[in-house]
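Student: Sequence first, predicted coordinates after that:
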Amino acid sequence: MTPDPAPYDAVLLVSFGGPEKPDDVVPFLENVTRGRGIPRERLEEVGEHYFLFGGRSPINDQNRAFLAALREDLAGAGLDLPVYWGNRNWDPYLTDTIAQMAADGVRRAACFVTSAYSSYSSCRQYRENLFDAVAGVENAPVLDKLRNYFNHPGFVEPMVDATLAALAELPAEVRDTAHLAFVTHSIPDSMNDGSGPEGNAYVEQHLSVAEAVVDRVRQETGRRHDHRLVFCSRSGSPQTPWLEPDINDHLEELHGAGATGVVMVPIGFVSDHMEVIYDLDTEALATAKELGLPVTRAATAGLDPRFVATVRDLLLERAAVERGEEVARAAVGSWGPCWDRCPVGCCPNPRAERPALAGADS
Ligand SMILES: CC1=C(CCC(=O)O)c2cc3nc(cc4[nH]c(cc5[nH]c(cc1n2)c(C)c5CCC(=O)O)c(CCC(=O)O)c4C)C(CCC(=O)O)=C3C
Ligand SMILES: [Fe+2]
């Protein structure tokens with residue numbers, strides 16, 4: 001039987017966006033940081049990361065490849081839905097995409113955001129972006145945001161395989177005792193304190209994923225690896241506390257304590273964004289080399305067919321919910337499946353309250 005996507009007649013991939021050539025870098029950074037009080041020195045530093053890679057972020061190409069894979073996945077399951085793409089910070093901008101969807105007659109779309117966890121930056125800010133994007137468009141489609149999927153098996157299982165593969169890349173004599181450094185994007189402590197309906201959801205969700213990966217690796221190898229949740233890409237002013245430890249400090253500390261091998265598992269990223277190819281593959285691996293510490297990096301979910309199929313699973317799950325049917329919700333680890341509509345007060349905007357779509361307060 002062909003699965004039923006009703007009431008949805010389209011899927012919208014919602015992402016961050018990134019520069020595609022050197023001239024894009026400064027305007028892109030201005031888009032990202034408008035009104036956010038990021039010090040000039042930090043912006044110049046991040047600009048250099050992009051210039052080091054020819055002024056081109058990998059993120060848009062990754063989204064294009066993901067779109068192609070998703071279209072194929074949906075078609076293979078007999079689902080004949082158009083798939084659109086819009087970004088917060090770069091072309092194609094969400095506003096333009098929504099205008100196109102309205103022109104194409106789309107009535108109601110399910111939105112998949114390329115960010116798996118709860119926090120203002122990774123969840124509510126996208127909901128504000130969706131609100132802004134529909135605001136000026138006549139006959140804009142209704143937009144529902146698919147639930148946070150950090151603990152969906154289609155996201156976690158590829159990370160388990162990637163961790164096993166990265167362990168296998170370490171020298172055999174340090175493999176069994178290797179530490180696992182689960183890495184995600186740092187955010188201000190205050191943003192984490194406000195994340196989710198009760199606060200601290202950003203850190204708790206990551207800890208539950210790390211625990212799930214450690215357990216699954218133990219099932220496969222018989223070893224329970226020492227591990228810790230660590231952070232990269234700290235921004236903001238130095239006086240503002242952000243989540244720590246930084247991956248580089250963590251590697252130094254592990255080395256000082258006698259560790260002989262580490263796998264970095266970038267659980268906070270769905271594909272090899274700039275944070276992964278610069279902060280981990282360039283900077284942290286340089287730190288590791290200086291220390292003489294064997295370190296490898298696990299792959300991100302990227303185009304893994306199980307991750308691509310996660311979009312289809314969440315779409316069909318939510319479609320059934322909206323039709324009033326009972327559904328099974330896939331989730332692994334201690335957190336349980338996330339809510340469909342963010343509860344009132346979830347992940348508040350740290351600067352000023354702004355309207356957001358797809359929540360209980362919308
Ligand atoms: C939680 C989180 C995610 C994960 C969730 C998600 O994926 O959305 C994420 C993703 C990303 N962040 C990205 C790039 C940037 N983030 C910045 C700044 C900031 N990020 C923050 C948080 C997050 N960011 C925060 C609290 C700030 C401070 C300013 C503010 O409060 O908004 C800045 C400004 C310069 C700097 O200060 O670093 C840049 C350039 C890219 C593109 C990478 C590429 O090009 O491949 C991606 C995917
Ligand atoms: Fe960021």
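Tutor: Good, I have the coordinates. Ligands and ions are numbered 1, 2, ... in the order given.
Student: which residues of the stretch 51-200 of the chain fall in helices?
Tutor: For the stretch 51-200 of the chain, helices defined by DSSP state H, counting those that start in this stretch occupy the ranges 59-76, 94-103, 125-135, 153-168, 172-175, 189-193.
Student: Can you give me the buried ones in the top helix by length along the chain?
Tutor: Ranked by residue count under DSSP state H, the longest helix found in the chain is helix 201-221. Under the neighbour-count criterion of 16 or more other CB atoms under 10 Å, helix 201-221 has 201-214, 216-217 buried. Any C-beta I mention is one placed from the backbone N, CA and C, and that applies to glycine too.
Student: same check, this time on stretch 299-306
Tutor: Counting neighbours by 16+ other CB under 10 Å, stretch 299-306 gives 299-302, 304, 306 as buried.
Student: What parts of the stretch 201-350 of the chain come near ligand 1?
Tutor: For the stretch 201-350 of the chain, the contact set with ligand 1 under CB under 6 Å from any ligand atom comprises 233, 235-236, 273-275.
Student: Which two among the residues you listed are spaced furthest apart?
Tutor: The most widely separated members of those, counting by CB to CB, are G236 and H273 (18.5 Å).
Student: of the two, who's got more company?
Tutor: The residue with more neighbours, out of G236 and H273, is H273; 24 against 17, by other CB atoms under 10 Å.
Student: my guess is the more buried one contacts F53, does it?
Tutor: No: contact criterion CB atoms under 8 Å: H273 and F53 do not qualify, at 11.2 Å.
Student: what's A320 in contact with, if anything?
Tutor: For A320, the contact set (CB atoms under 8 Å, 6 or more residues apart in numbering) comprises 4, 326-327.
Student: List just the nearest of these to Q100.
Tutor: Nearest to Q100, judged by CB to CB, of those is D4 at 25.2 Å.
Student: ok, now which ones touch that closest one?
Tutor: 316, 319-320, 323.
Student: Skipping its backbone neighbours, what lies nearest D176 in space?
Tutor: In this structure, D176 finds its nearest non-sequential neighbour in R223, 5.7 Å apart by CB to CB, 6 or more residues apart in numbering.
Student: Got phi/psi on that neighbour?
Tutor: phi -120, psi 140 (degrees, to the nearest 10).
Student: how many other residues sit next to it?
Tutor: Neighbours of R223 (other CB under 10 Å): 14.
Student: Tell me the spacing between it and A328.
Tutor: 32 Å (CB to CB, to the nearest Å).
Student: What of C111?
Tutor: From C111 over to A328 the distance is 22 Å, taken as CB to CB.
Student: in a helix, that's where V308 is, yeah?
Tutor: Yes: counting by DSSP: H, G, I helix; E, B strand; the rest coil, V308 is found in a helix.
Student: Tell me how far it lies from ligand 1.
Tutor: 17 Å (CB to the nearest ligand atom, to the nearest Å).
Student: for that residue, what are its contacts?
Tutor: Neighbour list for V308: 66, 69-70, 73 [criterion: CB under 8 Å, 6+ apart].
Student: Perfect, that will be all.
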